[in-house]
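Asks: Let me see the structure of the following:
(one chain, ligands or ions: 1)
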Amino acid sequence: MNWGNIVWVPVFRKQAGIGINMIKLPIYLDYNATTPCDPRVVAAMFPYFTEKFGNAASRTHSFGWEGEEAVEYAREQVARLIGAEPKEVIFTSGATEGDNLAIKGVFEMYAGKGNHIITVATEHKAVLDTCGHLEKIGGEVTYLPVSREGLIDLAELEAAIKPTTILIAIMYANNEIGVIQPVREISRIARAHGVLFFTDAAQAVGKVRVDVNGDGIDLMTISAHKLYGPKGVGALYVRRKNPRVRLTAQIDGGGHERGMRSGTLNVPGIVGFGMACELCRLEMEADNERLTRLRDKLEKDLLQLELSCVNGSREFRLPHTSNISFQYVDAEGLITGVNKNIALSSGSACTSASLEPSYVLKALGLDDGLAHSSLRIGLGRFTTDEEIEYAIKELKEAVIRLRGINHQWELYKEGVGQKLINE
Ligand SMILES: *Cc1c(COP(=O)(O)O)cnc(C)c1O
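Replies: Residues are numbered from 1 along each chain as shown. As a prediction, the model looks like this:
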């Protein structure tokens, strides 16, 4: 991989005692924010910038046909990954647009039936802010709480449904803690009450098996750049039968994508997205096995530090994501301290500019202090054993160093400080 501005450093493998393993710095451990394009994805896209540049909507010549054929092939690749029919895949500019189209589109289309939407406190901002917008124009939204594990309570979900409920919007897997919601049980409840079920699956598709029929999903967003495809492209899955879901378009124009999303299609992006989906379908299982092993090693080693804990369910979660709190360590300080060598974040890329602690962790019941001490570690397809070993060592040293200059930690060690984590 070409990572741009690369620094090569030798890292001695202690266990082996011999040989030098070269790793490239900085190490990228923020795969939940975005993933690099797989080189095979880039290779597939390349011709569609130059010689195969046709507008997929041009019906009168071979340039257009070539573009359309490439788009329809990609549509099949995306559909196959999620067990959908190609016609149920609507290309968008990404998950943010998909979230907006699904929620606003249902809200407008089903206005005659009701105005109530049920969602969850730990959703992505693209869902929460869209719901917030609808509340200003006559919508009613219920925000379900989550347990300490980050999971919703199914009985609470069912109790929240009213005659005016038109949509349940609950994410598949959380971007900050990786927790996977009980999607099949949610869809069963939605079906039983005749309510549509939409899920933001930007973090799940391509990482774990998602099957729109088996899972009972009516609408679902996907983002290419979270699964080793390009940025600025994604899809909204819209069920066509049992039930047939209808949407009011949010972008009007030439009537592309069955009228649900007008605008000239991003052919190279869509081609790359299709290829990325195909690679995930073929390699997800092997990738997951490897990443679970690396993630578990990372957690085991980091949890050797006193007063540290993993946030969210360790049973129902993505294989490559870990959110860890180190009490008495300011996560921003920790991240800044190591960011020459390790690229990390404390949570969502969208909110990391603000100094507010993560609303996701607060919804889990963490207090401000502990939420401020939390790190999200996202592994991915190009993460190596050597990188994880390096990251463990560097992070452990940084935590110990930062605690060494923290007065609160000193008090705790003297037995007068408070302890928030039950070790
Ligand atoms: C990244 C992400 C989004 C936004 O996707 P874009 O394609 O970048 O707009 C939405 N929801 C979740 C859960 C995400 O992780």
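
Asks: which ones are touching the residue of the chain found nearest the ligand?
Replies: Using CB to the nearest ligand atom, Gly94 is the residue of the chain that sits closest to the ligand, at 2.6 Å. All C-beta spots, glycine's among them, are computed from the backbone N, C-alpha and C. Shown in contact with Gly94 (CB atoms under 8 Å, 6 or more residues apart in numbering): Ser223, Ala224, His225, Lys231, Gly232, Val233, Gly234.

Asks: Who wins on neighbours among those residues?
Replies: Counting neighbours by other CB atoms under 10 Å, Ala224 comes out on top of the contacts of Gly94 with 35 neighbours.

Asks: Could I get the phi/psi values of that residue?
Replies: Dihedral pair for Ala224: phi -70, psi -40, per degrees, to the nearest 10.

Asks: surely it meets Val271?
Replies: No: the pair Ala224 / Val271 is not scored as a contact, 10.4 Å apart, by CB atoms under 8 Å.

Asks: Around Leu29, how many other residues sit close by?
Replies: Residues within reach of Leu29, counting by other CB under 10 Å, total 25.

Asks: tell me the mean pLDDT over stretch 100-118?
Replies: Stretch 100-118 comes out with an average pLDDT of 98.

Asks: Could you list the buried residues of it?
Replies: 100-107, 109-110, 114-118 (16 or more other CB atoms under 10 Å).

Asks: and if you look at stretch 286-297?
Replies: By 16+ other CB under 10 Å, the buried positions in stretch 286-297 come out as Asp287, Asn288, Arg290, Leu291, Leu294, Arg295.

Asks: ok, and the closest non-adjacent residue to the spatially most central residue of the chain?
Replies: Note on the chain: the residue nearest the mean C-alpha position is Gln203, at 2.6 Å, using CA atoms, centre = their mean. Leaving aside its chain neighbours, Gln203 sits nearest to Ala173 (4.3 Å; criterion: CB to CB, 6 or more residues apart in numbering).

Asks: Now do the host helix or strand of Glu69: which elements does it pack against?
Replies: Element membership for Glu69 (DSSP states H and E) is helix 62-82. For helix 62-82, the elements it packs on are strand 89-92, strand 219-223, helix 267-302, judged by 3 or more CB pairs under 8 Å, 6 or more residues apart in numbering; DSSP states H and E.

Asks: between those, which gets nearest to Thr199?
Replies: strand 219-223 (5.1 Å; CB to CB).

Asks: Listing partners with orientation, what would you give for that closest one?
Replies: Using DSSP bridges, the strands paired with strand 219-223 are strand 196-200 (parallel), strand 234-238 (antiparallel).

Asks: Including distance to the ligand and mean pLDDT, could the ones you listed go into a markdown table?
Replies: What follows is the strands paired with strand 219-223, written out as a markdown table (distance: least, CB to the nearest ligand atom, whole Å; pLDDT from 0 to 100):
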| stretch | distance to the ligand | mean pLDDT |
| --- | --- | --- |
| strand 196-200 | 5 | 98 |
| strand 234-238 | 5 | 98 |
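
Asks: Including distance to Glu332, could the ones you listed go into TSV?
Replies: Formatted as TSV, the strands paired with strand 219-223 follow (distance: least, CB to CB, whole Å):
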stretch	distance to Glu332
strand 196-200	27
strand 234-238	30
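
Asks: and Val42, which of these is closest to it?
Replies: Of the strands paired with strand 219-223, nearest to Val42 by CB to CB is strand 234-238, at 17.6 Å.

Asks: what does the closest one contact?
Replies: For strand 234-238, the surrounding residues in contact (CB under 8 Å, 6+ apart) are 78, 82, 84, 88-95, 97-98, 101-102, 202, 212, 217-224, 245, 247, 260-261, 273.

Asks: So which bits of the helix holding Glu69 are buried?
Replies: For helix 62-82, the buried set under the neighbour-count rule, 16+ other CB under 10 Å, comprises 66-68, 70-71, 74-79, 81-82.

Asks: next one: stretch 358-373
Replies: Buried-residue list, stretch 358-373, by 16+ other CB under 10 Å: Ser358, Tyr359, Val360, Leu361, Lys362, Ala363, Leu364, Leu366, Leu370, Ala371, His372, Ser373.

Asks: From those residues, pick the one nearest Gly404.
Replies: Nearest to Gly404 out of the buried residues of stretch 358-373 is Ser373 (CB to CB; 15.3 Å).

Asks: Return the residues in contact with that closest one.
Replies: Ser325, Phe326, Gln327, Tyr328, Val329, Asp330, Ala331.

Asks: could you redo these as a markdown table and give each row secondary structure, distance to Phe53 and neighbour count?
Replies: Shown next, in a markdown table, are those (DSSP: H, G, I helix; E, B strand; the rest coil; distance: CB to CB, whole Å; neighbours: other CB atoms under 10 Å):
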| residue | secondary structure | distance to Phe53 | neighbour count |
| --- | --- | --- | --- |
| Ser325 | strand | 50 | 22 |
| Phe326 | strand | 51 | 27 |
| Gln327 | coil | 55 | 24 |
| Tyr328 | coil | 56 | 23 |
| Val329 | coil | 51 | 26 |
| Asp330 | coil | 50 | 16 |
| Ala331 | helix | 45 | 24 |
